[in-house]
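Engineer: Here's my sequence, what's the structure:
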Amino acid sequence: MSNCAIILAGGEGKRMKSDKPKTLSLVLGKPMLEWVISSLKKAGVNDICIVKGFKKECIDEFVSTLDFKVETVYQAERLGTGHAVMMAKDFLESHKGDSVVILNGDAPFMDSKTIEKSLEQHINTKSSATVISAMVDDPTGYGRIVRDENGDVKSIVEQKDGSEEILKIKEVNSGGFWFDAEKLLSVLGRISSDNNAKEYYLPDALKLLLSDGCKVGAYTAECSDTVLGANDPAQLEELNNIAKDRGYTC
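Structural biologist: Numbers count the residues shown, from 1 in each chain. Below is the predicted model of the structure:
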């Protein structure tokens with residue numbers, strides 16, 4: 001079994017006030033996307049597909065500088081994370097029988113240890129999907145992980161949809177997921193855009209798997225930095241400061 005990865009890197013990041021894709025914003029002089037790829041390679045995940053969108057030629061240029069092969073697919077319209085993964089359907093089809101990790105290209109501190117350990121749990125528990133989660137002091141804005149009495153995932157509830165009780169939960173979705181590739185393919189075409197934003201959301205794949213009677217787990221990362229990303233220059237500066245202070249390297 002060879003495992004593979006899909007990295008979501010189509011976003012524009014308007015608030016970054018930059019003329020390049022958000023994932024190419026620099027942390028300690030290296031694009032956030034490079035940090036994510038580096039963690040995957042260190043975790044032994046070598047078969048990688050990048051979903052590009054805004055300024056796709058910039059992603060192509062970046063990929064051309066790598067000394068190993070990385071596949072790319074183009075998301076012409078940005079219609080949500082689920083839609084981004086749909087663009088990589090052929091890549092998934094070629095990996096039936098494998099596990100696939102889907103990561104955000106703007107989460108530079110998703111480290112190799114978290115990727116390895118979450119895969120280990122995913123396989124050992126025979127889960128169809130495993131969310132990579134983290135415990136944070138301030139969960140505002142993140143999707144909350146709601147578990148059942150067995151510790152399995154019952155749902156991921158977004159901030160705007162959460163009851164007072166659910167919003168107290170401090171375990172949040174990092175945006176990283178392991179899936180059984182074949183199981184993901186079985187629900188991908190059933191993800192609906194019947195929501196306010198008219199977008200296709202990847203967490204809806206978990207709802208569909210659960211409704212099919214599949215097991216969905218969550219691996220809690222040891223370090224909450226795995227969930228960190230940047231939406232504007234101030235947050236990007238904060239990521240750079242964290243990387244310096246904690247000695248993170250790409």
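
Engineer: The residue positioned nearest the centre of the chain in helix, strand or coil?
Structural biologist: Among the residues of the chain, the one closest to the centroid is Leu103, at 2.6 Å (Cα atoms, centre = their mean). The three-state label given to Leu103 by DSSP: H, G, I helix; E, B strand; the rest coil is strand.

Engineer: Now do it, the pLDDT please.
Structural biologist: Leu103 is assigned 98 on the pLDDT scale.

Engineer: what's near enough to touch the closest residue in space to it that isn't next to it in sequence?
Structural biologist: Of all residues not flanking Leu103 in the chain, Gly176 sits nearest, at 4.8 Å (Cβ to Cβ, 6 or more residues apart in numbering). C-beta: built from backbone N, CA, C; applies to glycine. Contact analysis of Gly176 by Cβ atoms under 8 Å, 6 or more residues apart in numbering lists Val101, Ile102, Leu103, Asn104, Ala107, Met110, Thr114, Ile115, Ser118, Val131, Ile132, Thr226.

Engineer: Repeat that for Phe179.
Structural biologist: Going by Cβ under 8 Å, 6+ apart, Phe179 touches Ser99, Val100, Val101, Ile102, Ser128, Ala129, Thr130, Ala205.

Engineer: Just the ones of those in strands?
Structural biologist: Ser99, Val100, Val101, Ile102, Ala129, Thr130 (DSSP state E).

Engineer: okay, the residues you listed in a markdown table with distance to Ser38 next?
Structural biologist: Converted to a markdown table, these look like this (distance: Cβ to Cβ, whole Å):
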| residue | distance to Ser38 |
| --- | --- |
| Ser99 | 20 |
| Val100 | 19 |
| Val101 | 14 |
| Ile102 | 17 |
| Ala129 | 25 |
| Thr130 | 22 |
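
Engineer: Could you list the low-confidence segments of the protein?
Structural biologist: Scanning the chain for pLDDT under 70 picks out 1.

Engineer: Longest strand of it, counting residues only.
Structural biologist: Ranking each strand of the chain by length (DSSP E) puts strand 171-180 first.

Engineer: Which SSE is immediately downstream of that strand?
Structural biologist: The helix or strand immediately downstream of strand 171-180 is helix 181-188, counting by DSSP states H and E.

Engineer: helices and strands around that following helix, which ones?
Structural biologist: helix 81-86, helix 89-93, strand 99-104, helix 203-211 (3 or more Cβ pairs under 8 Å, 6 or more residues apart in numbering; DSSP states H and E).

Engineer: Go again with 7 Å.
Structural biologist: Here helix 181-188 touches helix 89-93, strand 99-104, helix 203-211, going by 3 or more Cβ pairs under 7 Å, 6 or more residues apart in numbering; DSSP states H and E.

Engineer: quick one: Gly213 from Gly247, how far?
Structural biologist: Separation of Gly213 from Gly247 (Cβ to Cβ, to the nearest Å): 45 Å.

Engineer: now do Glu182
Structural biologist: 40 Å.

Engineer: Between these two, tell me which one has more neighbours.
Structural biologist: Glu182 (15 against 6; other Cβ atoms under 10 Å).

Engineer: How about the more buried one, nearest residue that isn't a chain neighbour?
Structural biologist: Lys96 (4.8 Å).

Engineer: Specify the local secondary structure of that neighbour.
Structural biologist: coil.

Engineer: between the contacts of Gly176, which is nearest Val157?
Structural biologist: Set against Val157, the nearest of the contacts of Gly176 by Cβ to Cβ is Val131 (12.3 Å).

Engineer: what's across from the closest one in the sheet?
Structural biologist: Phe177, Ala218 (DSSP bridges).

Engineer: Which single one of the contacts of Gly176 is nearest to Gly162?
Structural biologist: Using Cβ to Cβ, those come closest to Gly162 at Val131, 16.2 Å.
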